[in-house]
Structures are given as C-alpha cells and as structure tokens.
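> quick one, what's the 3D model for this:
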Amino acid sequence: MENTLPKIIRKTSPYLRRPKANVTRMMRDVTIALLPVTGFAIYKYGMTALIIIALSILSMAVTEYLYYQLVDKLDGDKFKLKNKSYTLYNFSVITSGLIYALTLPDNTPWFVVIIGAMFGVFFGKLIFGGMGQNVFNPAALGRVFIFVSFGTMMSYDIDAVAGSTALTMLNNDVFNIAVLENFSLMNLFTGIGIPGSIGEMSAILIILGGVYLAFRTSFEVRIPLAYVGTVALLATVVALYKGLGVWYPIFHVLGGGLLFGAIFMATDPITSPITKGGRIYFGFALGVLTFFIRVFGAYPEGVVFSILIMNMFVTTFDYHKWTNQQITKKQKIIFLIVVLVTILVTIVGVSYVG
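I've put the predicted structure just below:
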C-alpha cells in the first residue's frame, strides 16, 4: 500500500515541542512575562489601567464560565460550580484578558472594554469549540472589533495595537525625519513620554518578557524573530532607497505595537503553524503585511490586523509539500526568491508614496 502524507498537517493544540509541556505552565509563563509591562502600565496610568485590566479579565472569564454552564445545561448535565471546560484554571482566559487589556488606550470607556472582551472570547474562541479549536486570537479579535465599532470613542483613531501618536505622524508624512523630534530613542526603549496603548510603549520590558519566555521555552522564538526581522529588513531597504538614515528602521521596530504583537500575540501556540518552516513563513508574512499597512495603507499601525488575517491561513503554512520540520535546500531557494520579490515590490511601491 502506498504511504502518503496528509495534505494538511494538524495536531491537537497547543503545538509547543517541549518535554512535559502543559497548557497551565505555558499560560502561566506568558502571564508572568507580562507582569513587567503590566506594572509599568499601572505605574503610568494608575487606577485607570488597573480598572481596564480587571474589567478585561473578568469579562472574558465570566463570559466563558456562563457559556460552558449553558452548554452543560443544554446537554442535560447537572450544575457543577467547577466546570471542567473552564480555562480559568489553566490561566488561558487570564492571559487572553490581560493581553487584550494591554492593547487598549487609557481612556477606553468601561463598557467598550467589556464588549470587546466578551466578543473576543466568544467569537474568537468559544464558538469554535473552546481552547485548542479556535482559529483567531481572542485578544486580537476583541481589539479589532472595538476599533471598528467604537473607534471614535477611544484615544486614537487608528488600530491601537498600539495606537501610538508617533506612528500617526509617520503615517501622515511617511518619510519625514522630523517625527523623531518628540520621540527620542530612549523614549522608545523605556516607554517614558510615549503615548499609546497602556501596555505597549516600553520596548525594554516587552523584550524582557520575551527573553523570559525563550528561557522557559514557553513560546516559539522563530515567529517573533521572523516577524520583527522582516519589518526591520523592509524598513532598512526603504531607508537606503530614500536616504532616510538608520532612524527609520529603528522607529518602525520600536515606535508602535510590533514588539508586543510579535512576542505575545503572534506566538499564540493555538493560532500559529506547527512546523519550523511554517513558523518562519508565518512570521515573514506577518512582517510584510504589517509594513505594507503602515506604509501603503490608511492606518499607521497594522499589527493586530496582520495577525488576524494570517490566522486564517495557518493551515496553508502547514501544507506538507512546503512546510516540514527540516527545511530543504529547494525551500530555502524559493523563500529567498520570495524575499527578493517582496523587496522589489516595496521599492516600487515607495516610489509612489510620500
């Protein structure tokens, strides 16, 4: 009998390859990695940040709990206070609620926070069958929903993953070096004096969380490296072509929500590819999409949109003919060609911008 591989490689989520890996430890590690960023948000915005975080986590947790209780009742099961499907016990819903909260501007109305959290966990997770079945990142879906529905009620009229005023300025005059006059390199690294969403300003603290996760092997490091590296590469190409200097790629990497999205959202083990090659291609596609939205699109920031769009194509990256654990020489050549074509398209595109 002929031995054939399945056309689409799928396994039970999450896909982290580590001995004795379990969901509780992974989600707990992500929550711990977010603590420095969370602490900085509370330090900077005080009770406002604390209320947003509390409302986000509580809204997601309550929505999920009520949903599973309703499902059990419809199935004829007796009421049990501790529902077996409830993911509060493995930190999953806490992590999603915290990530969602940290992507919000500080003056987001309380009811908008709640609506976005409920929408994200229900339509991004529960209707697909719960944890391990969802296609979309719940935090990203909730954030996009309130941006589309309640954008005029929030601080920034852009996709604030992170809605940084610095990126607004860059979007208005995409190749203007003057945007750095009010945003120094130290400001971008520390988050001090930088407007934006409550948890996405401090590059140092975000990177610190990523380093912790890498040492704990609790996230897939290839995705953020490919993601951030792609944005840096394309921004460097544009800088060389336009004579903008090193400030331009640095600003693209540090001036928005790229680092936060790359480390804490794109690496979601449930909504990202399985194979090594697939993860690299996934990160590259995220980087291209984010950079194109920033430079050619109507929005200064494209992180959250990119993540949701690419979530839909994860199974494509798991197609066995071009993604496997060992990247072949042919695949490397094809990938290099794709990168070169992308660079060429970027150069042609920026010739008509600004």
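
> grab the nearest non-local neighbour of residue 273.
residue 317 (4.1 Å; Cβ to Cβ, 6 or more residues apart in numbering). Quick note: C-beta positions are derived from backbone N, CA and C, even for glycine.

> now for the one you found: which residues touch it?
273, 275, 278-279, 281-282, 323 (Cβ atoms under 8 Å, 6 or more residues apart in numbering).

> please repeat the previous calculation with a cut-off of 10 Å.
8-9, 272-275, 277-282, 285, 310, 323 (Cβ atoms under 10 Å, 6 or more residues apart in numbering).

> checking residue 269 next. Helix, strand or coil?
coil (DSSP: H, G, I helix; E, B strand; the rest coil).

> my read: it touches residue 134, true?
No. Applying Cβ atoms under 10 Å as the test, residue 269 and residue 134 come out as separate, 11.5 Å apart.

> pull out the buried residues from the contacts of residue 317.
Buried members of the contacts of residue 317, counted by 16 or more other Cβ atoms under 10 Å: 9, 272-275, 277-282, 285, 310, 323.

> what's the closest of the residues you listed to residue 144?
residue 310 (13.1 Å; Cβ to Cβ).

> ok, and the closest non-adjacent residue to residue 136?
Leaving out its chain neighbours, the residue that sits closest to residue 136 by Cβ to Cβ, 6+ apart is residue 124, at 4.5 Å.

> quick check, pLDDT for that neighbour.
In this model, residue 124 is scored at 89, pLDDT.

> can you report phi and psi for residue 271?
Here is the backbone geometry of residue 271 (degrees, to the nearest 10): phi -110, psi 30.

> please disregard the earlier target; I meant residue 255.
The phi/psi pair for residue 255 (degrees, to the nearest 10) is phi -90, psi 0.

> doesn't residue 196 make contact with it?
Yes. Judged on Cβ under 10 Å, residue 255 makes contact with residue 196 at a distance of 9.1 Å.

> and residue 58, what element?
helix 47-74 (DSSP states H and E).

> buried residues, that helix. List them.
49, 51-53, 55-57, 59-65, 67-69, 72.

> gap between stretch 286-301 and the chain center?
14 Å (Cα atoms, centre = their mean, to the nearest Å).

> sorry, back to before: if I look at the residue nearest to residue 273, how far off is residue 306?
14 Å (Cβ to Cβ, to the nearest Å).

> with residue 202 instead?
For residue 202 relative to residue 306 (Cβ to Cβ), the value is 22 Å.

> can you check residue 347 too?
For residue 347, the distance to residue 306 equals 21 Å [Cβ to Cβ].

> swap in residue 350?
19 Å.

> repeat that for residue 316.
If you go by Cβ to Cβ, the gap between residue 316 and residue 306 works out to 15 Å.

> more neighbours: which of the two?
Counting neighbours by other Cβ atoms under 10 Å for residue 316 and for residue 306 shows that residue 306 has the greater number, 28 against 16.

> surely the more buried one touches residue 286?
Yes. Between residue 306 and residue 286 there is a contact under Cβ under 10 Å: 5.0 Å.

> okay, and the common contacts of these two?
In contact with both residue 306 and residue 286: 227, 258, 261, 265-266, using Cβ under 10 Å, 6+ apart.

> and which of these is nearest residue 80?
Nearest member of those to residue 80, counting by Cβ to Cβ, is residue 265, at 32.7 Å.

> what sits against the closest one?
96, 99-100, 103, 137, 139-140, 143, 161, 223-224, 257, 271-272, 286, 303-304, 306-308, 311.

> let's see it at 7 Å
99, 137, 139-140, 307 (Cβ atoms under 7 Å, 6 or more residues apart in numbering).

> show me which of the residues you listed is closest to residue 233.
Of all the contacts of residue 265, residue 233 sits closest to residue 307, with 19.0 Å by Cβ to Cβ.

> not counting sequence-adjacent ones, nearest residue to the closest one?
Nearest residue to residue 307, sequence neighbours excluded (Cβ to Cβ, 6+ apart): residue 140, at 4.9 Å.

> what's the neighbour count on the one you found?
28.

> which SSE is it in?
Short version, using DSSP H and E: residue 140 is in helix 138-150.

> do residue 348 as well
Per DSSP H and E: helix 329-350 holds residue 348.

> tell me which residues in that helix are buried?
Quick answer for helix 329-350 (16+ other Cβ under 10 Å): 331, 335, 342-343, 346, 350.

> next one: stretch 307-314
So, applying 16+ other Cβ under 10 Å, buried residues of stretch 307-314: 307-308, 310-311, 314.

> and for stretch 281-296?
281-295.

> re earlier: which outside residues touch the helix holding residue 140?
Outside helix 138-150, the residues that reach it (Cβ under 7 Å, 6+ apart) are 96, 99-100, 103, 112, 115-117, 119-121, 123-125, 159, 161, 265, 304-305, 307-308.
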